[in-house]
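S.K.: Sequence and computational prediction follow.
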Amino acid sequence: MALHIIILAAGDGTRMKSRLPKVLHTVGGQPMLRRVLNTACALGPEGMHVVFNPAAPEVRDACADFDVVWVPQEQRLGTGHAVQQAMPGIPPDARVLVLYGDIPLIRAATLRPLLAGDEPLRALTMTLGDPTGYGRIVRGAEGSIQSIVEERDATPDQRLTQEVNTGVLVAQAGPLVGWLGRLEQGNSQGEYYLTDIFEMAAADQVGVGSVTAERAWELAGANDQVQLAALERRFQVSEAERLMRAGVRIVDPNRVDIRGDVDGASDAWVDVNVVLEGRVRLGEGVSVGPGCVLTDCELAPGTQVHANSVLEGVTTTGACQIGPFARLRPGTQLGEGAKVGNFVETKNARLGDGTKASHLSYLGDATIGDGVNIGAGTITCNYDGVNKHQTIIEDDVFIGSDTQLVAPVTVGQGADIGAGSTITRDVPAGQLTLSRSKQVTIPQWKRPTKKD
């Protein structure tokens, strides 16, 4: 039986107090809806249907790369009404899984047991020490679900129940359409509650199954900024635990932010207040100092990133030293034993094995060979105001401090450049090249004095 997944994502999210639609608020650097869609894709559905508010087209735009049927919900009349909007696009012999765009932590592994049963209707429940705010599961004498009662409509005795509704369910499409057609608005909110179908199924003597989620925190949603922050922290702890189980040493899991696809090898070290974004790979023994931000980086074993460095789109091919206070921009590649020190910025630059730029330099659009020394204050002048130009520095070059290399220019192998030079033409290999004004001393010089 083909699986179709409906994701409800049309809520206004007024309690967020934000112009951004609720499902586009991020957890772990990704919009909540995208996380739910990724989980849905992992289940291999025949089709995915997202119910959204047509007044918020940015929801659709943010997930345009997913193969999704977008279902507009002009009026928000409750969860039952939302599912009704999607059913015309679903075959009557399909199974329908209903998810929500604001439960970003749900895993496919949690949903598979729910899909394993063959009852016409199955609910995913959870047990909470404090069930406040959740609909309560009402079971009959034989233990099957008789109904789900929203808290505002529950009796005092029903509110004592700790087993609650997660909102996630799976149903056969044929019976589901029939139950949805019988929904009424006779509740305190005047909405069509999807949960009312459980009472209908019980009355029809249709088998109703259930699975209790082992990790209730996966089903937590976010209705306001406080709940969103709690989701973020729960996600961060979970991701930190995953990395630590792989052998990564995280000094304080509460002071690391993981906002992408991050993997680490054994004995990698991550200090406090580190942010990891995008696709990050930390090789064995890599260390990342406090206050660093890494985005889309692949660091070879033994690489050390010292405090307060910012790396984006960086690849190291061997153990090297970066920082502190280094800024490495996209296209930077560092070889074995290379060093990029404090207040050095690179962009689209390749530094070969053993090459060092220890401080206060800018290296952009540069190909730098092995064993090169870049003196403090060196700048590759790569931009003429319209186009970028390449600087090529061959192996074993020594560049003195405060040198400007005006691209396009090539510095030959083994060349030396004197400090304070401005290089505008190619430098021959194995020679000393410098460009300086003659030093002059003015005799009998007197400093100006302040006038009365």
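M.R.: Thanks, I have the structure now.

S.K.: Touching, V275 and V262? I think so.
M.R.: No - the pair V275 and V262 fails to qualify as a contact (Cβ atoms under 8 Å) at a distance of 10.5 Å. From N, CA and C alone the C-beta is placed, and that goes for glycine too.

S.K.: Those two: which is more packed in?
M.R.: Between V275 and V262, V262 has the larger neighbour count (other Cβ atoms under 10 Å), namely 23 against 17.

S.K.: and the gap between that one and G117?
M.R.: The gap separating V262 from G117 is 35 Å, by Cβ to Cβ, to the nearest Å.

S.K.: Same check on R19?
M.R.: Applying Cβ to Cβ, the value for R19 to G117 is 42 Å.

S.K.: For L276, list each beta-bridge partner.
M.R.: In this structure, L276 bridges to I258, L294 when assessed by DSSP bridges.

S.K.: what residues are up against it?
M.R.: By Cβ atoms under 8 Å, 6 or more residues apart in numbering, L276 lies in contact with 256-260, 262, 270, 294.

S.K.: coming back round to it: more crowded one of R19 and G117?
M.R.: Neighbour comparison, R19 and G117: the larger count goes to G117, with 14 against 7 (by other Cβ under 10 Å).

S.K.: does the nearest residue to that one once chain neighbours are set aside sit in a helix, a strand or a coil?
M.R.: Residue nearest to G117 in three dimensions, not counting chain neighbours: G209, with 4.5 Å by Cβ to Cβ, 6 or more residues apart in numbering. With DSSP: H, G, I helix; E, B strand; the rest coil as the basis, G209 sits in strand.

S.K.: G209: neighbour count?
M.R.: G209 has 17 nearby residues by other Cβ under 10 Å.

S.K.: Next up, the contacts around it.
M.R.: With Cβ under 8 Å, 6+ apart, G209 has these contacts: 117, 119, 121-123.

S.K.: filter those to the buried ones?
M.R.: Neighbour-count burial (16 or more other Cβ atoms under 10 Å) is assigned, among the contacts of G209, to 119, 121-123.

S.K.: from those, which ones fall inside strands?
M.R.: Among these, DSSP state E puts 121-123 in strands.

S.K.: Switch those over to TSV; also include distance to S238 and pLDDT.
M.R.: Putting those into TSV (distance: Cβ to Cβ, whole Å; pLDDT from 0 to 100) gives the following:
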residue	distance to S238	pLDDT
L121	30	96
R122	26	96
A123	24	96
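
S.K.: of the residues you listed, closest to F325?
M.R.: A123 (54.0 Å; Cβ to Cβ).

S.K.: Who are the contact partners of that closest one?
M.R.: 137, 145, 148, 165-166, 168-169, 198, 208-211.

S.K.: Could I get those residues in a markdown table, plus columns for pLDDT and distance to Y362?
M.R.: Putting those into a markdown table (pLDDT from 0 to 100; distance: Cβ to Cβ, whole Å) gives the following:
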| residue | pLDDT | distance to Y362 |
| --- | --- | --- |
| I137 | 95 | 63 |
| I145 | 93 | 66 |
| I148 | 93 | 63 |
| N165 | 94 | 58 |
| T166 | 95 | 53 |
| V168 | 97 | 53 |
| L169 | 97 | 58 |
| F198 | 94 | 65 |
| V208 | 91 | 67 |
| G209 | 92 | 64 |
| S210 | 94 | 62 |
| V211 | 96 | 58 |
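
S.K.: part of a strand, is N254?
M.R.: No - counting by three-state DSSP, N254 falls outside a strand, being helix.

S.K.: May I ask which of the contacts of L276 has the most neighbours?
M.R.: Counting neighbours by other Cβ under 10 Å, V270 leads the contacts of L276 with 29 neighbours.

S.K.: what's around G181, how many residues?
M.R.: Residues lying near G181 (other Cβ under 10 Å) number 9.

S.K.: Over to L243. Which of the three states is it?
M.R.: Recorded secondary structure, L243: helix (three-state DSSP).

S.K.: Skipping adjacent residues, who's closest to it in space?
M.R.: Leaving aside its chain neighbours, L243 sits nearest to G264 (5.1 Å; criterion: Cβ to Cβ, 6+ apart).

S.K.: what's around that neighbour, how many residues?
M.R.: If we define neighbours as other Cβ under 10 Å, then G264 has 25 of them.

S.K.: Identify the residues contacting H25.
M.R.: Counting by Cβ under 8 Å, 6+ apart, H25 has contacts 13, 16, 18, 31-32, 222, 228.

S.K.: switch the cut-off to 7 Å
M.R.: Applying Cβ atoms under 7 Å, 6 or more residues apart in numbering, we find H25 in contact with 16, 31-32, 222, 228.

S.K.: what two of those residues are the furthest from one another?
M.R.: Longest span within those, Cβ to Cβ: M16 and P31, 13.0 Å.

S.K.: give me the element T315 is part of.
M.R.: strand 314-316 (DSSP states H and E).

S.K.: List the contacts of that strand.
M.R.: Outside strand 314-316, the residues that touch it by Cβ under 7 Å, 6+ apart are 297-300, 303, 328, 332-334.

S.K.: and what of stretch 217-236?
M.R.: By Cβ under 7 Å, 6+ apart, the residues outside stretch 217-236 that reach it are 15-16, 25, 27-28, 32, 100, 102-107, 110, 126, 166, 213, 256-258.

S.K.: could you dump it to PDB, C-alpha only?
M.R.: Included here for stretch 217-236 are C-alpha records, laid out as PDB according to Å, rounded to 0.1, in the frame of the first residue of the first chain:
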ATOM      1  CA  TRP A 217      11.200  15.400  23.200                       C
ATOM      2  CA  GLU A 218      11.300  14.400  19.500                       C
ATOM      3  CA  LEU A 219       7.600  15.300  19.300                       C
ATOM      4  CA  ALA A 220       7.900  18.800  20.900                       C
ATOM      5  CA  GLY A 221       6.700  21.700  18.800                       C
ATOM      6  CA  ALA A 222       7.300  25.400  19.000                       C
ATOM      7  CA  ASN A 223       4.500  27.900  19.400                       C
ATOM      8  CA  ASP A 224       6.500  30.800  20.700                       C
ATOM      9  CA  GLN A 225      10.100  31.900  20.900                       C
ATOM     10  CA  VAL A 226      10.600  30.300  24.400                       C
ATOM     11  CA  GLN A 227       9.600  26.900  23.000                       C
ATOM     12  CA  LEU A 228      11.700  27.500  19.900                       C
ATOM     13  CA  ALA A 229      14.800  28.100  22.100                       C
ATOM     14  CA  ALA A 230      14.000  24.900  24.100                       C
ATOM     15  CA  LEU A 231      13.900  23.000  20.800                       C
ATOM     16  CA  GLU A 232      17.200  24.500  19.700                       C
ATOM     17  CA  ARG A 233      18.900  23.500  23.000                       C
ATOM     18  CA  ARG A 234      17.500  19.900  22.800                       C
ATOM     19  CA  PHE A 235      18.700  19.600  19.200                       C
ATOM     20  CA  GLN A 236      22.200  20.900  20.200                       C
END
